[in-house]
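Novice: Output the structure for:
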Amino acid sequence: MKNTNRNLLLLAAALFLCFTTVEAQEVTLKITKRYLNLPVSHQVDRAEMTFRADGKQERAFQIRLAPDTPDYWVFCDMSTLKNKEITISYQGNQAGLNRIYQADEIAGQDSIYKEKNRPQFHYTQKRGWNNDPNGLIYYEGEYHLFYQHNPYEREWENMHWGHAVSKDLIHWEELPVALYPDEHGTMFSGSAVIDYNNTSGFGKKGVPPMVAIYTADNPEKQIQCIAYSLDKGRTWTKYAGNPVIDSKAKWNSKDTRDPKVFWHQPSNKWVLVLNERDGHSIYNSDNLKDWTYQSHVTGFWECPDLFELPVDGKKDNTKWVMYGASGTYMIGDFDGKTFRPEAGKYYYTTGSIYAAQTFANIPESDGRRIQIGWGRISHPGLPVNGMMLFPTELSLRTTKEGIRLFSQPVKEIEMLQKEAGKWSNLTAGKANELLQPYNQAGSLRIRTTIKLSHATSAGFNLFGQFLLDYDMNGNRVNGVFYSPEERTSMEITADILLDRTSVEVYIDGGAYSYSMERRPDPNNKEGFHFWGTNIEVKSLEVYTLDSIWK
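Specialist: Numbers count the residues shown, from 1 in each chain. Alright, predicted model coming up:
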């Protein structure tokens, strides 16, 4: 009997400890400010945090909540929960809960976009991680950039749809998170359309819905879902009938993701291009809700895009382009149900770029096919990771090898640039001398054409890093095969965009481009440096670039 009583007392003590621990891991507060600021430490493991309000779970995510001095702060926009009482639960070290605080400003607001390694003319979010651009669309004077986003850490996790808008493709305003994880899973990549004819039935009072089509990812499978907005993407309602496509069984694969949707006028149908297992599938719909499988093209991985472009700017001669996340593409014909490749696969860009998407709904008066890609680039010392590469215009041009895809920086870059110098017919030594005042510049555009003479290789460095390394004998630019249009030409042209942490280079008018992290050799003191035996710098233009965050 004594042993029984002792065991009961031990059990009661254990239960008491358990309950008090759980209680200690919860904080209840009334939301009176716009933001919750949360401390993050990479010295601790991730643990789940949940917000509950009015008896239901509002948010759930993984976070490394700092129990003491944080590495940096992140924030939650609480606008939709203002004046409500919420309960915050955390499964990790409870000490971090005591450091969370409310404010109408983000922790460190005064220094955001002024940090040493913050990109100055590329979009980056205030805090956290980004990857794939999603839902690129133009509507009523605004370019919308949605993107894969972890608001709670600078590493990948907790996929949401972040959101930013711009009136000129250059200056961006970050808006609150658009799509949060839900019972179907976390928010993976997708696209957006304007349903002008209200085929979905989501519109009202003459307002066409903006419809987002996205992948929800969970441990079991990846399914396709939709949501709609009637206020220019500021708030979203998820469709009660989600998912609209569940194709795991058909493909015997979880890899079914990244829907790209557009209206195909000749067939009077919505078209959805979906990466499934080993390539891109085509689906059709009348209403964005009910989808019918049509065809499949193998050989692509993730983040499909499919669009029509005029060849050499001639609207009576068009081809369709299909590509995947890696940037390889095919050229062919499309009838609304089947893409028929005629040429490819080719590549037009390499390096840090991944998962690039093009904007929907660009006005016919503009007519451009504008693309933004994810730059897999980190920013030392910042509470952010990833960036959006500079917007480019895509075009199809006839070359000696056939029709090829070209990309060049959008013309809007001229809004930022100020001419610092323009020269021609220089020796490498003289060009290097002229560039010395710009060695430490954070943001520059340099356009140059060099002509080889006594050697078959030449290039252009910045503190030892190859911005351009042209091996004419091996037909390589920075290690990647590249053959110029003029086979015996001794010249190569480069348009170089330098930001604080990134480099983008467009070769020979955009026939090939590449991007990379800016990595100067700390032991190299030479700055900008043209090299190559007796090369001629035929042209050299230098422009300083204003910050987009002023």
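Novice: where does this structure dip in pLDDT?
Specialist: Counting by pLDDT under 70, the ranges of the chain that qualify are 1-24.
Novice: show me where it has helices.
Specialist: 2-24, 248-251, 428-435 (DSSP state H).
Novice: Which residues does the last one contact?
Specialist: Where contact means Cβ atoms under 8 Å, 6 or more residues apart in numbering, the residues beyond helix 428-435 that reach it are 421, 423, 426, 448, 526-532, 535-537, 540, 542. In this view, the C-beta of every residue, glycine as well, is placed from N, C-alpha and C.
Novice: run the last query once more with 7 Å
Specialist: Gly421, Trp423, Gly527, Phe528, His529, Phe530, Trp531, Gly532, Ile535, Val537, Leu540 (Cβ atoms under 7 Å, 6 or more residues apart in numbering).
Novice: Name the nearest of these relative to Cys303.
Specialist: Nearest to Cys303 among these: Phe528, at 35.1 Å, using Cβ to Cβ.
Novice: Might one say that that closest one is in contact with Leu462?
Specialist: Yes - here Phe528 reaches Leu462: they are 5.6 Å apart, a contact under Cβ atoms under 7 Å.
Novice: From Val74, how far out is Gln102?
Specialist: To Val74, Gln102 is 14 Å away according to Cβ to Cβ, to the nearest Å.
Novice: Likewise for Met387?
Specialist: From Met387 to Val74 the distance is 17 Å (Cβ to Cβ).
Novice: cool, Glu183 as well?
Specialist: Separation of Glu183 from Val74 (Cβ to Cβ) stands at 24 Å.
Novice: Which one of these two is surrounded by more residues?
Specialist: Ranked by neighbour count (other Cβ atoms under 10 Å), Glu183 and Val74 place Val74 first, with 26 against 9.
Novice: which ones are touching the closest residue in space to the more buried one that isn't next to it in sequence?
Specialist: Among residues not flanking Val74 along the chain, Arg127 sits closest, at 4.7 Å (Cβ to Cβ, 6 or more residues apart in numbering). By Cβ under 7 Å, 6+ apart, the contact list for Arg127 reads Val74, Phe75, Pro151, Pro383, Val384.
Novice: Could you do Asn242 as well?
Specialist: Asn242 is in contact with His184, Cys225, Ile226, counting by Cβ under 7 Å, 6+ apart.
Novice: What is the nearest of those to Ser200?
Specialist: Once Cβ to Cβ is applied, the member of the contacts of Asn242 that ends up nearest Ser200 is Ile226, at 7.7 Å.
Novice: if I look at that closest one, how far off is Ser267?
Specialist: For Ile226 relative to Ser267 (Cβ to Cβ), the value is 20 Å.
Novice: go on, Gln294?
Specialist: Counting by Cβ to Cβ, the gap from Gln294 to Ser267 is 10 Å.
Novice: higher neighbour count, the two?
Specialist: Per other Cβ under 10 Å, whichever of Gln294 and Ser267 has more neighbours is Gln294, with 17 against 13.
Novice: surely the more buried one meets Ser285?
Specialist: No - shown here, Gln294 and Ser285 do not form a contact pair, counting by Cβ under 7 Å, at 10.6 Å.
Novice: Contacts only, for the closest residue to Asp521 other than its chain neighbours.
Specialist: Leaving out its chain neighbours, the residue that sits closest to Asp521 by Cβ to Cβ, 6+ apart is Gly464, at 3.4 Å. When contacts are counted by Cβ under 7 Å, 6+ apart, Gly464 touches Pro520, Asp521, Asn524.
Novice: and if you look at Asp521?
Specialist: Contacts for Asp521 (Cβ under 7 Å, 6+ apart) come out as Phe463, Gly464, Gln465.
Novice: ok, now Tyr147?
Specialist: With the criterion set at Cβ under 7 Å, 6+ apart, Tyr147 makes contact with Asn130, Asp132, Pro133, Asn134, Gly162.
Novice: Closest to Tyr35 out of those?
Specialist: Distances from Tyr35 to those, taken by Cβ to Cβ, are shortest for Gly162, at 15.6 Å.
Novice: Most neighbours out of the contacts of Arg127, which is it?
Specialist: In the contacts of Arg127, the most neighbours by other Cβ under 10 Å go to Val74, 26 neighbours.
Novice: where's Met388 relative to Val505, distance?
Specialist: 17 Å.
Novice: for the stretch 401-550 of the chain, what spans make up the strands?
Specialist: 402-409, 417-427, 444-451, 457-462, 465-471, 476-477, 480-481, 491-498, 502-507, 512-517, 528-531, 536-545 (DSSP state E, counting those that start in this stretch).
Novice: Need those strands in CSV (columns: distance to Ala325 and mean neighbour count).
Specialist: Listed next are the strands of the stretch 401-550 of the chain as CSV, based on distance: least, Cβ to Cβ, whole Å; neighbours: other Cβ atoms under 10 Å:
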stretch, distance to Ala325, mean neighbour count
strand 402-409, 15, 19
strand 417-427, 30, 14
strand 444-451, 27, 21
strand 457-462, 29, 23
strand 465-471, 25, 19
strand 476-477, 22, 20
strand 480-481, 17, 13
strand 491-498, 22, 20
strand 502-507, 18, 23
strand 512-517, 14, 22
strand 528-531, 33, 21
strand 536-545, 28, 20
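Novice: looking at the ones you listed, which is closest to Leu306?
Specialist: So among these, strand 402-409 is nearest, using Cβ to Cβ, at 13.0 Å.
Novice: The closest one vs strand 491-498, what angle?
Specialist: Angle, strand 402-409 to strand 491-498, by axes from the mean of the first three to the mean of the last three Cα atoms, to 10 degrees: 40 degrees.
Novice: Run the chain-centre distance for strand 402-409.
Specialist: Average the C-alpha atoms of strand 402-409, do the same for its chain, and the two points are 21 Å apart (Cα atoms, centre = their mean, to the nearest Å).
Novice: just checking, what packs against that strand?
Specialist: Under the contact criterion of 3 or more Cβ pairs under 7 Å, 6 or more residues apart in numbering; DSSP states H and E, strand 402-409 touches strand 339-347, strand 392-399.
Novice: Pick the most buried one from these.
Specialist: strand 392-399 (a mean of 18; mean count of other Cβ atoms under 10 Å).
Novice: The nearest residue to Glu26 once chain neighbours are set aside pairs with what?
Specialist: Spatial nearest neighbour of Glu26, chain neighbours left out: Ser89 (5.0 Å); criterion: Cβ to Cβ, 6+ apart. Taking DSSP bridges, one obtains Glu26, Thr50 as the residues bridged to Ser89.
Novice: picking that back up, can you flag which of the contacts of Arg127 belong to strands?
Specialist: Val74, Phe75, Val384 (DSSP state E).
Novice: Distance to Ile63 for the residues you listed - can I get that in TSV?
Specialist: Putting the ones in strands among the contacts of Arg127 into TSV (distance: Cβ to Cβ, whole Å) gives the following:
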residue	distance to Ile63
Val74	8
Phe75	12
Val384	16
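Novice: Return the member of the residues you listed nearest to Lys221.
Specialist: Val74 (29.5 Å).
Novice: Tell me the bridge partners for that closest one.
Specialist: Val74 forms beta bridges with Leu38, as assigned by DSSP bridges.
Novice: mind listing what it touches?
Specialist: Leu38, Val40, Arg127, Gly128, Pro151, Tyr152, Pro383.
Novice: can you check Arg518 too?
Specialist: Arg518 sits next to Leu498, Thr501, Ser502, Val503 when contact means Cβ under 7 Å, 6+ apart.
Novice: Please repeat the previous calculation with a cut-off of 8 Å.
Specialist: Leu462, Gln465, Leu498, Asp499, Arg500, Thr501, Ser502, Val503.
Novice: Next one: the last one from Gly313, what distance?
Specialist: Look at Val503 and Gly313: by Cβ to Cβ, they are 29 Å apart.
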